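[1] dropping the sequence and predicted coords here.
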Amino acid sequence: MKPRETIEQFDLFLARQGLSLSAVIIGGAALSLLGIISRETRDCDVLHPQLPDEIIKAQANFAAEMRGRGIPLQDDWLNNNPMPVANLLPEGWLSRTQVAYQGTALTLLSLSRSDILLTKLFAYCDRGTDLGDCLALKPTAGELKAALPWIAVQDANPDWPRHVEESIRDLGRRLGHEL
């Protein structure tokens with residue numbers, strides 16, 4: 001999906017339905033709405049709050065409408081899959097959010113830069129699939145060093161801290177930083 005176009009159309013759809021939503025999103029859709037990346041994403045990950053039943057139903061109906069126009073969109077394109085991440089983030093993350101999209105019926109907030117960076121660096125170390133997003137964020141050497149302690153304790157595997165250091169060091173080299 002093209003995040004901005006999809007979100008704008010969903011905003012209008014919600015307004016026509018007399019519904020509204022204010023939520024915190026993470027992942028590629030958030031980065032796209034913030035102008036950090038321009039790639040398409042599979043979905044829009046809602047970190048907070050739990051999506052109400054009427055919004056879940058509305059987003060599935062919206063997806064069906066989009067598919068009817070020839071635009072591929074899964075029924076669960078708007079989902080709460082990352083909700084457990086909220087329990088891992090540093091205290092006060094909700095107070096540090098920033099507006100990513102403000103529409104008529106839809107307001108989407110994103111994590112602060114430092115919190116986005118933590119989630120993307122963790123995903124990079126964990127899955128290795130978020131390298132492009134980490135490069136697009138262009139973290140400074142200081143930001144990478146500051147993120148290390150938090151990421152290092154996110155997995156109980158005894159090899160995890162060493163893996164995190166190696167991964168962050170590699171990312172730093174790609175960005176021209178010596179760590």
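    Happy to help now that I have it.

[2] can you list contacts of stretch 155-174?
    121, 124-126, 128, 131, 134-135, 139, 141, 144, 147-148, 151-154, 178-179 (CB atoms under 8 Å, 6 or more residues apart in numbering). Any C-beta I mention is one placed from the backbone N, CA and C, and that applies to glycine too.

[3] hmm, which of these are the buried ones?
    Buried members of the contacts of stretch 155-174, counted by 16 or more other CB atoms under 10 Å: 121, 124-126, 131, 134, 139, 144, 147-148, 151-152, 154.

[4] ok, which pair from the residues you listed is furthest apart?
    131 and 152 (18.7 Å; CB to CB).

[5] quick one: pLDDT of the closest residue to residue 98 other than its chain neighbours?
    Counting by CB to CB, 6 or more residues apart in numbering, residue 98 lies nearest to residue 110, which is 5.6 Å off, once chain neighbours are set aside. With respect to pLDDT, residue 110 scores 98.

[6] and what of residue 121?
    97.

[7] roughly how far apart are it and residue 175?
    Look at residue 121 and residue 175: by CB to CB, to the nearest Å, they are 12 Å apart.
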